[in-house]
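[1] The sequence and its predicted three-dimensional model are supplied below.
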Protein chains: 2
Amino acid sequence: MKKIINKPENYVNEMLKGLYVAHPDLITYTNDDVRCLVTANKKEGKVGLATGGGSGHLPLFLGYVGKGMLDGCSVGDVFQSPSAEQMHAVTKYIDGGAGVLYIYGNYNGDIFNFDMAAEMADFEDDIRVESLVAGDDVASAGPSAPGEKNTRRGVAGIVFVYKVAGGAADAMLSLDEVKRIATKAAANVRTMGVALTPCIVPRVGKMGFSIGDDEMEIGMGIHGETGIRRGKLETADEITVEMLDQILADLPFYSGDEVAVLVNGLGATPLDEQYIVTRKIDEHLAGVGIKVHRYYIGEYATSLEMAGFSISLMKLDDELKTYLDAPAQTPFFVQL
Amino acid sequence: MKKIINKPENYVNEMLKGLYVAHPDLITYTNDDVRCLVTANKKEGKVGLATGGGSGHLPLFLGYVGKGMLDGCSVGDVFQSPSAEQMHAVTKYIDGGAGVLYIYGNYNGDIFNFDMAAEMADFEDDIRVESLVAGDDVASAGPSAPGEKNTRRGVAGIVFVYKVAGGAADAMLSLDEVKRIATKAAANVRTMGVALTPCIVPRVGKMGFSIGDDEMEIGMGIHGETGIRRGKLETADEITVEMLDQILADLPFYSGDEVAVLVNGLGATPLDEQYIVTRKIDEHLAGVGIKVHRYYIGEYATSLEMAGFSISLMKLDDELKTYLDAPAQTPFFVQL
């Protein structure tokens, strides 16, 4: 296990201490618990936005707490849900009197704990809490009968939902309005990923799965969940078109649509490769008549040191554009 | 070779096309050559700042062209110097009548070509060009007799020089003043790196060097140049203290000094690990009475998919602080 760490059991808390040291103007913590991360710039009267989830995905989840995006994040161990108590503590801190919206990924542990935290906040503190479970991963879509439970995992596309919700909350809209707009964002985001190498959870100390030196796995999840196709590594252009076509067919996206594009490195993939992919996305989308409003390229939701990337598209209307384009400042996301 | 690429010979130009597609508001190119990258927001009367160097180090070098930092960058093949002609074309484009300052790393190919480009700009276009060769890598310091040629390689610390020079140029100072201030910044920056895994140059297709599964190399350069000590991988805290103590002794830094700190991932090292290191840096500097003015953490100067990180410190005075803190916006660096 080749990692720059101390004791694996201290991995998350030491990482968090580094964050607080580096970004004191933007983030702090509550409840005497470094895993209850909250904004250092609370705005009274604003809807509070909270997320939470396992560590190992930086900048996800905690990296989007700051100005104009999220207000709090409960932080779990690597690939583990934080506790309901931690989510509850964050909720109490960030409530500015206008209620709190939870936005988190579609994982059972997180759902269970966030539901319990919402009940605690309602029952003990009389805080109104609404929840939005984001599931943008096309590769984990189950049978799609209307009304069925969403089986899609939440992956990098949740960053778009954070940004849009953050813009709406910062405009001092009501909880109902922020939830409506965030729900629209989530409904219009689709993501596909590809993995080239596994990652190692520090406490486990060995590879989460094995994959051949010349293989890739399309559709793998950010914890190494099985994807939809394993095969020989192809060219950047071939991989990009395969992933993009699955995304486009899923929503579906049509000629004339306008989108935001997120190209996300999973941890060990050089930025150069992400830009090579971006070039092909631009060419392919132009070919099918889809207009790109803006690009985001870099590491937004990683899997420790996994090599690979994901592509997320969000279909835009004027309202989503307004809140996507609004300024924001967090330790990992700055937009003027 | 597990890379998300097309033909290796198209690696750099395809990456650049992705950059222009994603950031049209900030960058463009001149001379009909995508490798002659320049700002999309030229300011007349401002000193032009140019850099250049090989690819494979994103965000270095080209990623710092934008507002408030650099104005142009000539882009070489992976780990190769761009040509004097490309540097010359960039120089002509970015000159706003106040002259041009070259700031680049201490590598023979770059020095040769930049010197030739400066002569061409002077002789053919009557543009006054000054040069600053940055060498911040403590590990490559040769015998340090006063007046001897600097043998130090330019590594991640050059980003501090770009930022300070960019702030000074944006304040519309003269070429002499911008050079004086940038020279002071460069003289006060020191860097040490450690590598855990090698990287693969796309056209070469195999590892640049080999290193044991339980080994690290302290002081390795960003092209895999030999470092100063290879040994068993130690804990994050041990590695951090060893690197930091060499940096502190080199300038030297004293109790009471104020510094900026850059923790830079080399490509495949998770952000979590960089923050674990940051936590220890903060503790160690506090212990020796050095105050941290601000932290920068993330990928600033990489070596493709190399695992490892570097630490850079810049000793500050009021003037350096002013220009370090000035706002900037480039594809990879946004500061409010």
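    Received it, and whenever you're ready, just let me know what you need.
[2] how far out from the middle of the chain is whichever strand or helix holds A:Thr28?
    Using DSSP states H and E, A:Thr28 maps to strand A:27-29. Put simply, strand A:27-29 sits 20 Å off its chain's centre (C-alpha atoms, centre = their mean, to the nearest Å).
[3] With stretch A:75-92 instead?
    Centre-to-centre, stretch A:75-92 and its host chain are 16 Å apart (C-alpha atoms, centre = their mean).
[4] Also stretch A:264-278?
    For stretch A:264-278, the distance to the chain centre is 17 Å (C-alpha atoms, centre = their mean).
[5] Compute the first-to-last residue distance for that stretch.
    One end of stretch A:264-278 to the other measures 10 Å (C-alpha to C-alpha, to the nearest Å).
[6] Over to stretch A:283-291?
    Stretch A:283-291 stretches 11 Å from its first residue to its last (C-alpha to C-alpha).
[7] same question for the host helix or strand of A:Met192, mean pLDDT?
    According to DSSP H and E, A:Met192 maps onto strand A:189-195. Mean pLDDT, strand A:189-195: 98.
[8] Measure how buried the nearest residue to A:Ile200 once chain neighbours are set aside is and give me the count.
    Leaving aside its chain neighbours, A:Ile200 sits nearest to A:Met1 (5.4 Å; criterion: C-beta to C-beta, 6 or more residues apart in numbering or on different chains). No exception for glycine: its C-beta is placed from N, CA and C like everyone else's. Residues contacting A:Met1 under the criterion other C-beta atoms under 10 Å in any protein chain shown number 14.
[9] so where's chain A shaky on pLDDT?
    A:143-148 (pLDDT under 70).
[10] on that earlier part again, what distance separates the strand holding A:Met192 from the centre of its chain?
    Strand A:189-195 sits 12 Å away from the centroid of its parent chain (C-alpha atoms, centre = their mean).
[11] ok, now stretch A:106-123?
    In terms of C-alpha atoms, centre = their mean, the centre of stretch A:106-123 is set 18 Å apart from its chain centre.
[12] can you map out the strands along the stretch 201-336 of chain A?
    For the stretch 201-336 of chain A, applying DSSP state E, counting those that start in this stretch gives strands covering A:215-218, A:229-232, A:258-265, A:291-298, A:308-315, A:328-329, A:334-335.
[13] Let's have those strands in a markdown table, adding distance to chain B and mean neighbour count.
    Formatted as a markdown table, the strands of the stretch 201-336 of chain A follow (distance: least, C-beta to the nearest C-beta, whole Å; neighbours: other C-beta atoms under 10 Å in any protein chain shown):
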| stretch | distance to chain B | mean neighbour count |
| --- | --- | --- |
| strand A:215-218 | 8 | 20 |
| strand A:229-232 | 11 | 12 |
| strand A:258-265 | 8 | 24 |
| strand A:291-298 | 4 | 18 |
| strand A:308-315 | 7 | 27 |
| strand A:328-329 | 6 | 20 |
| strand A:334-335 | 4 | 18 |
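[14] residues in contact with the most centrally placed residue in chain A?
    Nearest residue to the geometric centre of chain A (C-alpha atoms, centre = their mean): A:Ile158, 3.8 Å. Residues counted as contacts of A:Ile158 (C-beta atoms under 8 Å, 6 or more residues apart in numbering or on different chains) are A:51, A:60, A:103-105, A:134, A:136, A:186, A:189, A:301.
[15] With just CA atoms, put the strand holding A:Met192 into PDB.
    Taking Å, rounded to 0.1, in the frame of the first residue of the first chain, the C-alpha atoms of strand A:189-195 are listed here in PDB:
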ATOM      1  CA  VAL A 189     -28.000  15.300 -14.800                       C
ATOM      2  CA  ARG A 190     -26.600  12.100 -16.200                       C
ATOM      3  CA  THR A 191     -23.100  10.700 -15.700                       C
ATOM      4  CA  MET A 192     -21.000   7.800 -17.000                       C
ATOM      5  CA  GLY A 193     -17.600   6.700 -15.700                       C
ATOM      6  CA  VAL A 194     -14.700   4.500 -16.700                       C
ATOM      7  CA  ALA A 195     -12.100   3.000 -14.400                       C
END
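[16] That one packs against which elements?
    helix A:158-170, strand A:215-218, helix A:236-250, strand A:308-315 (3 or more C-beta pairs under 8 Å, 6 or more residues apart in numbering or on different chains; DSSP states H and E).
[17] what would these look like in a markdown table with distance to B:Glu217?
    Listed next are the helices and strands packed on strand A:189-195 as a markdown table, based on distance: least, C-beta to C-beta, whole Å:
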| stretch | distance to B:Glu217 |
| --- | --- |
| helix A:158-170 | 35 |
| strand A:215-218 | 29 |
| helix A:236-250 | 30 |
| strand A:308-315 | 26 |
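[18] does A:Val194 really touch A:Met216, like I thought?
    Yes - using C-beta atoms under 8 Å, A:Val194 is in contact with A:Met216, at 5.5 Å.
[19] which residues do those two both contact?
    Here A:Val194 and A:Met216 have A:239, A:308 as joint contacts, going by C-beta under 8 Å, 6+ apart.
[20] which residues are there in the stretch 101-250 of chain A that come within reach of chain B?
    With the criterion set to C-beta under 8 Å from any C-beta of the partner chain, the stretch 101-250 of chain A comes near chain B through A:194, A:196-197, A:213-214, A:233, A:235-237, A:239.
[21] which among these end up buried?
    A:194, A:196-197, A:233, A:236-237, A:239 (16 or more other C-beta atoms under 10 Å in any protein chain shown).
[22] In the one helix or strand A:Lys179 maps to, which residues are buried?
    When secondary structure is defined using DSSP H and E, the element that contains A:Lys179 is helix A:175-187. Using 16+ other C-beta under 10 Å as the burial criterion, the residues of helix A:175-187 that qualify are A:175, A:178-179, A:181-183, A:185-186.
[23] Can you tell me what sits against it?
    Taking C-beta under 8 Å, 6+ apart as the rule, helix A:175-187 contacts A:47, A:49, A:98-101, A:103, A:128, A:130, A:132, A:134-136, A:158, A:160-161, A:164-165, A:168-169, A:173, A:314, A:317, A:319-320, A:323.
[24] Just the angle for it relative to strand A:308-315, thanks.
    120 degrees (axes from the mean of the first three to the mean of the last three C-alpha atoms, to 10 degrees).
[25] distance between the ends of stretch A:204-211?
    End to end - C-alpha to C-alpha - stretch A:204-211 spans 18 Å.
[26] try stretch A:41-50
    End-to-end span of stretch A:41-50 (C-alpha to C-alpha): 14 Å.
[27] gap between A:Gln274 and B:Pro331?
    For A:Gln274, the distance to B:Pro331 (C-beta to C-beta, to the nearest Å) stands at 12 Å.
[28] for the stretch 51-200 of chain A, what spans make up the helices?
    A:84-94, A:108-125, A:158-170, A:175-187 (DSSP state H, counting those that start in this stretch).
[29] Out of the ones you listed, which is the most enclosed?
    Ranked by average neighbour count under the criterion mean count of other C-beta atoms under 10 Å in any protein chain shown, the helices of the stretch 51-200 of chain A are headed by helix A:158-170 at a mean of 28.
[30] okay, the angle between that helix and strand A:189-195?
    Angle of helix A:158-170 versus strand A:189-195, following the same axes, to 10 degrees, is 150 degrees.
[31] from memory A:Ala98 sits against A:Gly45, does it?
    Yes - with contacts counted by C-beta under 8 Å, A:Ala98 reaches A:Gly45, the gap being 5.8 Å.
[32] To B:Gly76, which of the helices of the stretch 51-200 of chain A lies closest?
    With respect to B:Gly76, and counting by C-beta to C-beta, the nearest of the helices of the stretch 51-200 of chain A is helix A:158-170 at 33.0 Å.
[33] got the angle for that closest one vs strand A:258-265?
    Here helix A:158-170 points in a direction 120 degrees away from that of strand A:258-265 (the same axes, to 10 degrees).
[34] how far does helix A:158-170 sit from the chain's center?
    11 Å.
[35] Compute the inter-axis angle for that helix and strand A:291-298.
    Going by the same axes, to 10 degrees, helix A:158-170 makes 110 degrees with strand A:291-298.
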